[in-house]
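Student: Need the 3D shape of this:
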Amino acid sequence: MSDINDYSDSDLFLNRELSQLEFNFRVLAQAQDPAIPLLERLKYLCISCTNLDEFFEIRAATVKTALQYKAPLLPDNMDPQLALDKIYLLSNRLVKAQYALWNETLRPELAAAGVRILDRGNWNAAQRRWLQHYFKTEVLPILSPLALDPAHPFPQILNKSLNVAVVLDGKDAFGRRGGLAIVRAPRSLPRIIQLPESVSGGRDDFVFLSAMLSEFVGDLFPGMKVKGAYQFRVTRNSELFVDEEEVENLASALKDELHSRGYNPAVRLEIAKDCPNRIVQILLENFNLSENAVSRINGPVNLNRVIQVYDLAKRADLKFPNFKQGRSTLDEEDPFGSIRAGDILLHHPYQSFNDVLDVLQHAANDPHVLAIKQTLYRTGKDSKIIEHLITAAHNGKDVSVVVELRARFDEEANLNLANRLQEAGVQVIYGVVGFKTHAKMMLIVRREGKSLRRYAHLGTGNYHAGTAKVYTDIGLLTCHPGITQDVHSIFQQLSGLSKPIALKHLLTSPFTLHASLLKKIKREQKLARDGKKGHIIAKMNAINEPDVIKALYAASQAGVKIELIVRGACCLRPGVPGLSDNISVRALVGRFLEHSRVYWFGNNGKPEIYCSSADWLERNLLRRVETCFPVLEPELAQRVFTEELEYYRRDNCQSWMLNADGSYSKIVRSDDEPVFCAQAQLLSELCRKR
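Tutor: Okay, here's the model as predicted:
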């Protein structure tokens, strides 16, 4: 056994960015699985593409910023130039695998099943006539091509916009010789066009807008010859840079920053594989990118847009079977009476998010409810949550909402909903300077007889009805006096200027959660050293916080059995002899996105189980407002353990094990081992039969 201080950072930790990229290979593996319905496989492919976009916009962009300031990457202290080189190498492997799957497998199999995404070379005469008419009437009037010459320098290219570089020959009406022109696809047009039945012969036939642009782009340059048309797309840094200490109005500063986000420094260039090198070099020079930042694409550069086919093709036979979400024991007529009878556990998406909406709607119209307090990080379009909060304010209730304006990629939506709430008389709070409010909690204050009673909802996921149908999350409805008092105190901290308030049951970031985790890990370590059983099981989305990882290593060295279920990036190295022999890390990718965070500590036969909004990331534990709540009722605690931990430990269908070198190996069950799929088991147990 070695002292942890004897190891270098690169020995102790895996690189976060490379670990995040590995997650997308596991998503792509779902698309490669022939046992999964075809359109679902297409969906997984598109998710892996969209994830890669976001990876470059945020994670790779962060590495480029670190390179600019010569700052090593944490926690492994990898040189940012080395990390960037590895990112481009690994991401290009992923891109090649994505397009190989698309071209060689999914597209042909979809066509065989009657869902065709037609290439330019596969259009028949009727299809071509229809597409050319569509182009002339729906697309051409909106296009504004830009020829490049001394009077027209290279244009600003919007982040992730679809563009075509057109090589021209001949002279235009003014006698100018052709050269290079840029055509940007209008953002207002769909990227996938479905052909009408009269043209498709009753099949589901689709064409990429990019293919149509490439085919008919010559109509934009009458009298000139198109020698080549090459799609390209640039991905830019999408982090927002607002110095909150220096701005008087965060909302106003964010609005200004959002306008320029689409033109931040470039991180990656995707371009058609047959594009001449001289054009590639022109683009690289204008985007200030190196050669290794180029992905040469064998197909449409915006492959993720084919996700639209999933909804447009009404083919239930090519999708997962529908399921009907279960409901909890909540009485829709008397939800508060149900909660008083005992805490209610919700496990989404297997159980409906409507129970949470019903409680809020009832509170908005209940004359005995005096106040509602809510945190909002992401809500989705046309959110009923917002409507119920507005109704409550119109009904004279005191409504306070903490809106996180800096929720990544939802900043503009949150600015708009904050304005709507304020116009309705809701008190909107923008959180704490320097700390994103990521906590998920709702508090309702109700007069009952001569006293006031508080009801709370705490969760691991957002108040977003859409994601609650596809993300796995835990929610708790309770009127436990100690827990609801803690929730009240946290809202006080967020809206006022009070010092840290001692809480009885909840752990919070940035105050007590990090220290409490370390304390509980060390408690298990001491139990093991004393000859007792030390055991930790935890499920989360990602882990990179160095002190927590080191504490887990020390606990492992003492003999504590540590089982981690980490969906995405994991910087901990499991299974290193003498360091992490007793730590295993598994990841599961299935029909639903694993999103819940659950921590279990054996505590010598008196186990504790917590659900949280926080991953074990440095940002979540130290730089965000997060909540971590215990599940106190024994029956519900056992449910959480079984449904969120035990089933995932048993899964042998969709699970992967993390190796010490950062690679993942798919779990392969033996011939005599019974099949067990965690998500399928939960669908069977918690959902209603159709």
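Student: show me what contacts the nearest residue to Arg327 once chain neighbours are set aside?
Tutor: Counting by C-beta to C-beta, 6 or more residues apart in numbering, Arg327 lies nearest to Ser352, which is 5.6 Å off, once chain neighbours are set aside. C-beta coordinates here come from the backbone N, C-alpha and C atoms, glycine included. The contact partners of Ser352, taken as C-beta atoms under 8 Å, 6 or more residues apart in numbering, are 325-327.
Student: Okay, and the beta partners of Asp205?
Tutor: Arg116 (DSSP bridges).
Student: Looks like it contacts Leu195 (just checking).
Tutor: Yes: contact status for Asp205 versus Leu195: in contact at 4.3 Å, counting by C-beta atoms under 8 Å.
Student: joint contacts of the two?
Tutor: Jointly contacting Asp205 and Leu195 under the rule C-beta under 8 Å, 6+ apart are 118, 127.
Student: How about the contacts made by Arg510?
Tutor: Quick fix: residue 510 reads Pro, not Arg. Per C-beta under 8 Å, 6+ apart, neighbours of Pro510: 435, 621-625.
Student: Can you list phi and psi of it for me?
Tutor: As for Pro510, its main-chain torsions (degrees, to the nearest 10) stand at phi -100, psi 20.
Student: per-residue confidence at it?
Tutor: Per-residue pLDDT puts Pro510 at 96.
Student: From Ser612, how far off is it?
Tutor: Taking C-beta to C-beta, to the nearest Å as the measure, Pro510 falls 14 Å from Ser612.
Student: Format the contacts of Pro510 as JSON lines; extra columns: distance to Leu376.
Tutor: Listed next are the contacts of Pro510 as JSON lines, based on distance: C-beta to C-beta, whole Å:
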{"residue": "Phe435", "distance to Leu376": "16"}
{"residue": "Leu621", "distance to Leu376": "22"}
{"residue": "Leu622", "distance to Leu376": "23"}
{"residue": "Arg623", "distance to Leu376": "19"}
{"residue": "Arg624", "distance to Leu376": "15"}
{"residue": "Val625", "distance to Leu376": "13"}
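Student: just the helices in the stretch 301-450 of the chain please.
Tutor: Residue ranges of the helices in the stretch 301-450 of the chain, as given by DSSP state H, counting those that start in this stretch, are 308-312, 335-340, 354-365, 384-394, 411-423.
Student: right, so of these, which gets closest to Leu67?
Tutor: Of all the helices of the stretch 301-450 of the chain, it is helix 411-423 that lies closest to Leu67, at 25.6 Å by C-beta to C-beta.
Student: Show me what that closest one is packed up against.
Tutor: On a contact count with 3 or more C-beta pairs under 8 Å, 6 or more residues apart in numbering; DSSP states H and E, helix 411-423 meets helix 250-261, helix 384-394, strand 398-403, strand 427-429.
Student: if you set the cut-off to 6 Å instead, what comes out?
Tutor: helix 250-261, strand 398-403, strand 427-429 (3 or more C-beta pairs under 6 Å, 6 or more residues apart in numbering; DSSP states H and E).
Student: model confidence over it, on average?
Tutor: 89.
Student: cool, and stretch 122-129?
Tutor: On average, stretch 122-129 scores 94.
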